[in-house]
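Chemist: Model the structure of this input:
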Amino acid sequence: MSHDKKEILQIGKPRILYIGLMYDYGIPKLGYSFEYINLYETLVRSEKYSVSFFPYDVIMRKIGRKKMNVQLLNAIKDFGPDLSFFVLFTDEIMRETIKNITEKSGSITLNWFTDDHWRFQNYSRYWAPLFHWAVTTDSDSVEKYHRIGYHNIIESQWGFNHFIYKHYNIPQDYDVTFIGQVHSDRKNFIDYLYQSGIEVNCWGKGWKNGRLEFNEMVKMFSRSKINLNFTQSSLMFRLKPIIKIFLNRRADNSIHLNNIFNVTRNIADIKNMHKTQIKARIFEITGSGGFLLTQDVAHLTEYFVPGKEIEIFNDADELLEKIKYYLNNDEKRENIRRAGHKRAISEHSFEQRLMNIFYTLGLFNKYDNKN
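Modeler: Just a heads-up that it's a prediction; the model follows:
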């Protein structure tokens, strides 16, 4: 896909309009979204760019979807971004709005597709062609993009905002913890550990402890001797995924009935909702200097060395065995923790991810190299 970029000033910083959710799933009571904390906050704090934020969930709640789309077009005209950086949720941003920005604004357009391991067939493949560039965290989807004739696909990965996630030199007063929702086979793993005499403190939607406030979550990574992570997404045969076949919830919490075309696509792709994937939690824990014991997943060894920088398990028995081993081997556990933190800091921050993406786009080509 060709794109004739406008001339960029020699002096200054690339101008980026970040277009994404401010709140988790667009719901204010849930706090800031992962993408806001990690992508937007990294852009702002890095001081390498001139950044403006278009929180479409907040604006849409106030003035509605159509007016929000008009306001986005006006924001593009007023700010004149070199890059319009989207993180779509569902269809809050209209297709014709994106097409207008891509074809007429002179701005490079890019979307970070967050769930290609299960949303490519019923979502990403239809939205990606609207953008000059797309980012995926799913290695297996790169070839899928190529098969539909879309080649401006950038494979990246989750990471962590190193300006916010950090290690705390505090006592490790928890043996084993898990932070995340109750779904898939997570509860089965946790119940098995309890039955085997291992107490696991859990936080997140569905656990009795409830959600953990963000700053406390980051501290918990340091307070825990062992931080667990599971890599399976929501299992397919549950009520919520079934409802999503027929209904679409937008970021303003409005519910809309899917048309027959979308229903058919969703039914065809629901089998992918239980696939394993590399979770952002892997980088959040290691980036915060925590010891990570994670369920194995394809391509993980491209980012960390098991047994040296993180530890992995494949089934409940191996999970139990490794918890017992590392609770009784403080020095080994500490060496892995330190090595994992060093690897995360040196290679896996979102600042590094974004810089690699922006160099691929040629965003810095006409700017002073010092910037």
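
Chemist: If residue 84 is in a bridge, with which residues?
Modeler: In this entry, residue 84 is beta-bridged to residue 17, residue 109, by DSSP bridges.

Chemist: Let's see the pLDDT reported for it.
Modeler: Reading off the confidence values, residue 84 has pLDDT 98.

Chemist: what's the burial count for it?
Modeler: Using other CB atoms under 10 Å, residue 84 is surrounded by 26 other residues. Using the backbone N, CA and C atoms, a C-beta is placed for each residue, glycine as well.

Chemist: Return the distance of it relative to residue 44.
Modeler: Look at residue 84 and residue 44: by CB to CB, to the nearest Å, they are 16 Å apart.

Chemist: Count the neighbours of residue 177 for me.
Modeler: Neighbour tally, residue 177, other CB under 10 Å: 23.

Chemist: who touches residue 168 in this structure?
Modeler: Shown in contact with residue 168 (CB atoms under 8 Å, 6 or more residues apart in numbering): 218-219, 222-223, 289.

Chemist: Residue 345 versus that one, what's the distance?
Modeler: Note on residue 168: its distance to residue 345, by CB to CB, is 15 Å.

Chemist: Which strands or helices does the lengthiest helix in the chain pack on?
Modeler: Looking only at the chain and at elements set by DSSP state H, the helix with the highest residue count is helix 330-347. Taking 3 or more CB pairs under 8 Å, 6 or more residues apart in numbering; DSSP states H and E as contact, the helices and strands that helix 330-347 lies on are helix 280-287, helix 316-327.

Chemist: again, only this time at 10 Å
Modeler: Judged by 3 or more CB pairs under 10 Å, 6 or more residues apart in numbering; DSSP states H and E, helix 330-347 is in contact with strand 224-229, helix 280-287, strand 292-295, strand 311-313, helix 316-327, helix 350-361.

Chemist: Most tightly packed of the ones you listed?
Modeler: For those, the largest average neighbour count (mean count of other CB atoms under 10 Å) is found in helix 280-287, namely a mean of 27.

Chemist: How far off centre is that one?
Modeler: Using CA atoms, centre = their mean, to the nearest Å, the mean C-alpha position of helix 280-287 is found 11 Å from that of the whole chain.

Chemist: export it as PDB, just CAs?
Modeler: Extracted as PDB, the C-alpha positions of helix 280-287 are listed here (Å, rounded to 0.1, in the frame of the first residue of the first chain):
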ATOM      1  CA  ALA A 280       1.300  -8.600  28.600                       C
ATOM      2  CA  ARG A 281       1.600  -9.800  32.300                       C
ATOM      3  CA  ILE A 282       4.800 -11.700  31.300                       C
ATOM      4  CA  PHE A 283       6.500  -8.300  30.600                       C
ATOM      5  CA  GLU A 284       4.800  -6.400  33.400                       C
ATOM      6  CA  ILE A 285       6.100  -8.900  36.100                       C
ATOM      7  CA  THR A 286       9.700  -9.100  34.700                       C
ATOM      8  CA  GLY A 287       9.800  -5.400  34.000                       C
END
